[in-house]
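**Q** this is the structure alone, sequence omitted:
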């Protein structure tokens, strides 16, 4: 190790690589779709590859990580609460309604306050994710237990 360098990038790099390898192994456990295509396996494999790549980059950086900023803790906590609410909403009201609520809420947490942009996210995010995951990858949403808009609009 060079003088003045920190062991932190090495530790973080190795941890990212190991997480990426574990995620790759777990992704390979996802079953192929009914036509023998990778479908649901594709996105997790790409994310696993990115973890491995970031680990390699981190290993080669050798720089000290920046000091953590505590001013973002409220945003992180809000995103955690939003993620938990999103999962609960999806289980009760299905994918479309929960995503139409969660997407603008996430943008609000990140500081987007334009009502037109928030409204656009409420419509465009569910539509875009529907095309990517359901139509292109064949990964279908969980149906809502209480109500599901997909039943109304002729979905699955």
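**A** That came through, no problem. The shown structure was predicted, so the numbers you read here are calculated from the model rather than taken from an experiment.
**Q** check which helix or strand covers the nearest residue to residue 110 once chain neighbours are set aside.
**A** Computed as CB to CB, 6 or more residues apart in numbering, the closest residue to residue 110 that is not its neighbour in sequence is residue 75, at 7.5 Å. C-beta here means a position set from N, CA and C on the backbone, and glycine is covered the same way. Using DSSP states H and E, the element containing residue 75 is helix 73-109.
**Q** buried sites along that helix?
**A** By neighbour count on 16 or more other CB atoms under 10 Å, the buried set for helix 73-109 is 82, 86, 89-90, 93-107, 109.
**Q** next secondary structure after it?
**A** helix 115-129.
**Q** show me the shaky parts of this protein.
**A** Low-confidence segments of the chain (pLDDT under 70): 1-7, 63-66, 68, 142, 148-156.
**Q** cutoff 50 now
**A** In the predicted model of the chain, residues 1, 3-4 satisfy pLDDT under 50.
**Q** list the contacts for the most centrally placed residue in the chain?
**A** By CA atoms, centre = their mean, the chain has its centre lying nearest to residue 47, at 9.3 Å. Residues near residue 47 by CB atoms under 8 Å, 6 or more residues apart in numbering: residue 23.
**Q** how close does it get to residue 20?
**A** Counting by CB to CB, to the nearest Å, the separation of residue 47 from residue 20 is 9 Å.
**Q** over to residue 129?
**A** Per CB to CB, residue 129 is found 24 Å from residue 20.
**Q** out of the two, which sits in the busier spot?
**A** More neighbours surround residue 20 than the other of residue 129 and residue 20, with 20 against 16 (other CB atoms under 10 Å).
**Q** now the helix or strand containing that one, how far from the centre of its chain.
**A** If you go by DSSP H and E, residue 20 is part of helix 8-28. Helix 8-28 sits 17 Å away from the centroid of its parent chain (CA atoms, centre = their mean, to the nearest Å).
**Q** what's the first helix or strand after it?
**A** helix 42-61.
**Q** now that next one: buried residues?
**A** For helix 42-61, by 16+ other CB under 10 Å, it's 42-45, 48, 51-52, 54-55, 58-59, 61.
**Q** and it, how far out from the chain middle?
**A** 15 Å.
**Q** and the angle for that helix with helix 8-28?
**A** 160 degrees (axes from the mean of the first three to the mean of the last three CA atoms, to 10 degrees).
**Q** sorry, back to before: quick one: contacts of the helix holding residue 20?
**A** 1, 41, 44-45, 47-65.
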